[in-house]
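Asker: here is my input; please provide its structure:
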Amino acid sequence: MPGREQLINAVKAEVEQVHEIGARSKADLAHVAEHRGEVTALKNQVDLLLSRIADTDERIAGIDARRKLVDEVQAKTNAIVHVLDDVRINLETLGEQKARRRSRRGKGRAARIHAAGSAEHAAHAPARTRAGRAHRAGHQAVAIDAPACRKKEANGVKQLSAISCQLLHQAC
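Answerer: Below is the predicted model of the structure:
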């Protein structure tokens, strides 16, 4: 009978182990059940954040596209401003040339006063030209074309406007 008692004790020990394993499994299941709601809530929050990330990426792409467009418009605007500065300088030069021609032809006090004003204006022309060139220092293409325009102004305003139109088309 001692063998039977040993067998009974061994079976009892195995049953005890099965009960312990069952109790641990039951505790694990209770723990998972308690936190199941939290896991679901966290999953929902992660899904919401992922959808917001997608919206944010779309908005950033839109902003980048607009930024590129604004940069292009700014570059074209700067080129047009420089062309208009060249046109203004050319018109001033033409005005000065006309004033000098009139003063050479004119007689009397009014012609001398007008000539004196033109001379003073002409004296400041190099400074205005340097200022215009300094302003355009960052835009070499327009600055390079400007001396060519000044050389071609022999035909007057019509040729000047034709050159201005060409430069505007090149800038755009």
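Asker: C-alpha from now on. contacts and neighbour counts both.
Answerer: OK.
Asker: all helices of this structure, in order?
Answerer: 2-105, 109-135, 140-151, 157-171 (DSSP state H).
Asker: which stretch in those has the least confidence?
Answerer: Lowest mean pLDDT of the helices of the chain: helix 140-151, a mean of 45.
Asker: pull out the buried positions in stretch 66-78.
Answerer: 76, 78 (16 or more other C-alpha atoms under 10 Å).
Asker: likewise stretch 81-97?
Answerer: 82-83, 85-87, 89-94, 96.
Asker: please apply the same query to stretch 9-18.
Answerer: By neighbour count with 16+ other C-alpha under 10 Å, stretch 9-18 contains no buried residues.
Asker: got it, and stretch 46-58?
Answerer: Within stretch 46-58, judged by 16+ other C-alpha under 10 Å, no residue is buried.
Asker: which pair of the buried residues of stretch 81-97 spans the longest distance?
Answerer: Spatially, the most separated pair among the buried residues of stretch 81-97 is H82 and E96, at 20.9 Å (C-alpha to C-alpha).
Asker: what would the buried residues of stretch 81-97 look like in a markdown table with distance to E34?
Answerer: Output for the buried residues of stretch 81-97, formatted as a markdown table (distance: C-alpha to C-alpha, whole Å):
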| residue | distance to E34 |
| --- | --- |
| H82 | 73 |
| V83 | 75 |
| D85 | 76 |
| D86 | 79 |
| V87 | 80 |
| I89 | 82 |
| N90 | 85 |
| L91 | 86 |
| E92 | 86 |
| T93 | 89 |
| L94 | 90 |
| E96 | 92 |
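Asker: nearest to G22 among those residues?
Answerer: The closest of the buried residues of stretch 81-97, once distances to G22 are taken by C-alpha to C-alpha, is H82, at 86.6 Å.
Asker: the closest one and G95: what is the separation?
Answerer: 20 Å (C-alpha to C-alpha, to the nearest Å).
Asker: over to A10?
Answerer: For A10, the distance to G95 - C-alpha to C-alpha - is 121 Å.
Asker: and for E5?
Answerer: 129 Å.
Asker: same thing with V39?
Answerer: V39 is 82 Å from G95, by C-alpha to C-alpha.
Asker: repeat for R4
Answerer: 130 Å.
Asker: same question, E20
Answerer: 108 Å.
Asker: please apply the same query to V81.
Answerer: V81 is 21 Å from G95, by C-alpha to C-alpha.
Asker: swap in R24?
Answerer: 102 Å.
Asker: against R52, how distant is I21?
Answerer: On the measure of C-alpha to C-alpha, I21 and R52 end up 45 Å apart.
Asker: no wait, N44
Answerer: Counting by C-alpha to C-alpha, the gap from N44 to R52 is 12 Å.
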